[in-house]
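J.: Here is a sequence with its predicted model. Questions after.
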Amino acid sequence: MRVTAPSAAAAAEGIVSGLPLTDARAQHPGLKAFPADPVEDAKTLARIAEWCGAYTPWTAPEADGEALEGGSAGVWLDATGCAHLFGGEAKLTRMLIARMWRLGFTVHAGLAETPGAAWAVARFGQIGRERTTGRKDKDGRIVPPGGMRAALTPLPVMALRLPADVIDGLYGLGLRHVGDLLNVPRGPLTARFGEIITRRLDQALGHVFEPISPRLETLPMRVRIMPAEPLGQSTDIVIGLKRLLRQLEARLRRKHLGVRKLVLSLYHVDGEVSWVSIGASRPVRDPDHLLRLFAERLESLDPGFGIEVMALTAPVTEPLPPEQIPLASRRASTAPAELSALVDRLQNRLGTENVMRFDLRESHIPERAAAPVPVFHTGPPASPAPSTCRRPVRLLPQPETIEATAMIPDGPPVMFRWRRVLHRITWAEGPERIAPEWWLKAAPWHAPWDLETRDYYRLEDMEGGRFWVFREGLYRMISEMPQDPPRWYLHGLFA
């Protein structure tokens, strides 16, 4: 067992990462040790990265292998275009450090033009500054534009995120600082250690682009507010949401867009992040309508100890369709808007997949003549198969077997039993013959009734019930196999 993360007091006594636990206890018998939990550490780091979304939408936890062996991991933040919202880079850095220390984390921050330089100064830029005094670094370490070479020169070679064996080899050659590597020809270094050293140098100096994948996709349609005091009541959340919706509407109006999905993120002072999302059936940007969709979801949110940042993101945006304005009233018709508002409320309450409509399909087979689609489906219109016969109001999900008796083999039934109930027929009309698609005969996974010609009948029993039944197969085919009686199915119910 080895030490993975010594505290500041233990580090001051010479306990370092990688030291065997028995040796550490031999030096300090009263040393307290707790088992490391890499899985929970990774989850905590992911939660920290999510919480840092209050300051920039571009955040990501360090990937495996980026942290030093036995050292602590960190979080990447791209503050491009965000620092001015907090009064500049220095104020943003101080704010982040203060917030993390308040949450109980020891933190070191670095800010530079490249990820490699920021990583280096965050871990090694404060050596001799606060680690020897035990004080936290309130301002972090900010590398001015163009100052990466000067900032990296005095740092140890470990600041380049090199493997342990490469660091040991460089130490054996007397190359202990990044400045030593800058003055050495690259040819011998590459021949001895491979391209890892030159690549890390170029990444840190900005000569080679270093891609880092953010935790979530960065979206341009994002607005945020940071109140002067943490919000502690549900009414405050509603007021803040109204303000965010107005800001978002202004941005959407400039680009002639509407939203199909919105996500409200609440960043709590205790490091927690809660969020709710809504969806719209059509592009919309009306703040009042969007607020009504959020209303039911906001009831489940608990402000907790307070909310310090609210952010509203639109992951899905679409151009708003043109609206026809009647000449008489000079106002747009409200019927489509009212229908869209109703559909949005139903979908957010019941689920998008539970609010559908049926669209016609090019098929004579009743169960394939229509398919459920979104209410405002905008696909190409289908050409439905022509039919002069009436269809039942209710079509069963699949035909159900019935026991039918007919006066003649190819005639309508005079009685049938369905779900243990006997129905005596007083009126019958038909048949309507429907043949299957020829290509289904090569599909063995289809039901038996999909492969035979059907003769449909409309029946009415003595109680006034009206049914839609069919006989599977043609009678002349059945007569060739007298041992197999014809099979009857109930497929629908008339009003």
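T.: Ah, there it is. Nothing here was measured: the structure is a model prediction, and the numbers come from that model.
J.: where's Arg417 relative to Arg433, distance?
T.: The gap separating Arg417 from Arg433 is 25 Å, by Cβ to Cβ, to the nearest Å. Every residue, glycine included, has its C-beta placed from N, CA and C.
J.: average pLDDT for stretch 203-216?
T.: Model confidence over stretch 203-216, given as mean pLDDT, is 86.
J.: helices or strands up against the helix ranked longest in the chain?
T.: Secondary structure of the chain per DSSP state H: the longest helix is helix 234-255. Here helix 234-255 touches strand 222-225, strand 257-268, helix 287-298, strand 307-319, going by 3 or more Cβ pairs under 8 Å, 6 or more residues apart in numbering; DSSP states H and E.
J.: how distant is it from the center of its chain?
T.: Helix 234-255 has its C-alpha centroid displaced from the chain centroid by 22 Å (Cα atoms, centre = their mean, to the nearest Å).
J.: Number the chain from 49, please
T.: I'll keep to 49 as the first residue from here, and by that count the last item is helix 282-303.
J.: residues in contact with Pro460?
T.: Listed by Cβ atoms under 8 Å, 6 or more residues apart in numbering, the contact set of Pro460 reads 454, 473, 476-479, 505, 507.
J.: Just put the helices and strands packed on helix 282-303 in a markdown table and tack on mean pLDDT and mean neighbour count.
T.: Shown next, in a markdown table, are those (pLDDT from 0 to 100; neighbours: other Cβ atoms under 10 Å):
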| stretch | mean pLDDT | mean neighbour count |
| --- | --- | --- |
| strand 270-273 | 90 | 18 |
| strand 305-316 | 92 | 20 |
| helix 335-346 | 88 | 16 |
| strand 355-367 | 91 | 19 |
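J.: okay if I get these as a markdown table plus distance to Arg294?
T.: Shown next, in a markdown table, are these (distance: least, Cβ to Cβ, whole Å):
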| stretch | distance to Arg294 |
| --- | --- |
| strand 270-273 | 9 |
| strand 305-316 | 13 |
| helix 335-346 | 6 |
| strand 355-367 | 10 |
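J.: Of all these, which one is nearest Ser65?
T.: Minimum separation from Ser65 across the helices and strands packed on helix 282-303 (Cβ to Cβ) falls at strand 305-316, 31.6 Å.
J.: Neighbouring strands - and their directions - for the closest one?
T.: Counting by DSSP bridges, the strands paired with strand 305-316 are strand 321-332 (antiparallel), strand 355-367 (antiparallel).
J.: The ones you listed: which one's closest to Glu137?
T.: Using Cβ to Cβ, the strands paired with strand 305-316 put strand 355-367 closest to Glu137, at 18.4 Å.
J.: about what we covered before: just put the strands paired with strand 305-316 in a markdown table and tack on distance to Ala90.
T.: Below are the strands paired with strand 305-316 laid out as a markdown table (distance: least, Cβ to Cβ, whole Å):
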| stretch | distance to Ala90 |
| --- | --- |
| strand 321-332 | 17 |
| strand 355-367 | 24 |
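J.: The ones you listed: which one's closest to Ser411?
T.: strand 321-332 (26.3 Å).
J.: Pull out the buried residues from the closest one.
T.: With burial defined by 16 or more other Cβ atoms under 10 Å, the residues of strand 321-332 counted as buried are 321, 324, 326, 328-332.
J.: Determine which two of the residues you listed are furthest apart.
T.: Greatest spacing in the buried residues of strand 321-332, by Cβ to Cβ: Val321 and Arg330 (29.5 Å).
J.: Can you find the helix or strand in the protein with the smallest mean pLDDT?
T.: Within the chain, confidence by mean pLDDT, DSSP states H and E is lowest for helix 523-527 among all helices and strands, at a mean of 55.
J.: Following the chain onward from that helix, which element is next?
T.: Downstream of helix 523-527, the next assigned helix or strand under DSSP states H and E is strand 536-541.
J.: Strands of the stretch 99-248 of the chain, start to end?
T.: Here the stretch 99-248 of the chain has its strands, by DSSP state E, counting those that start in this stretch, at 107-109, 123-125, 158-159, 189-190.
J.: Check the closest residue to Ser329 other than its chain neighbours and give its pLDDT.
T.: Excluding the flanking residues, the one nearest Ser329 by Cβ to Cβ, 6 or more residues apart in numbering is Val391, at 4.5 Å. pLDDT, Val391: 82.
J.: how close does Leu312 sit to Ser322?
T.: Counting by Cβ to Cβ, the gap from Leu312 to Ser322 is 9 Å.
J.: so Gln395 touches Ser388, yeah?
T.: No. With contacts counted by Cβ atoms under 8 Å, Gln395 stays clear of Ser388, the gap being 10.4 Å.
J.: what residue ranges in this protein score low on pLDDT?
T.: For the chain, the stretches with pLDDT under 70 are 112-120, 174-188, 265-267, 371-385, 425-436, 488-499, 523-532.
J.: Show me how this protein divides into domains.
T.: Annotated domains of the chain cover 49-84, 91-253, 274-371+379-391, 403-436, 442-541 [automatic domain parsing].
J.: Now do the end-to-end distance for the longest one.
T.: In other words, domain 91-253. Start to finish, the residues bounding domain 91-253 are 31 Å apart (Cα to Cα, to the nearest Å).
J.: Which residues are in contact with the residue lying closest to Pro278 once chain neighbours are set aside?
T.: Leaving aside its sequence neighbours, Pro278 sits nearest to Gly354 (Cβ to Cβ, 6+ apart; 2.7 Å). Gly354 makes contact with 277-280, 316-317 under the criterion Cβ under 8 Å, 6+ apart.
J.: That's all I had, so thanks and see you.
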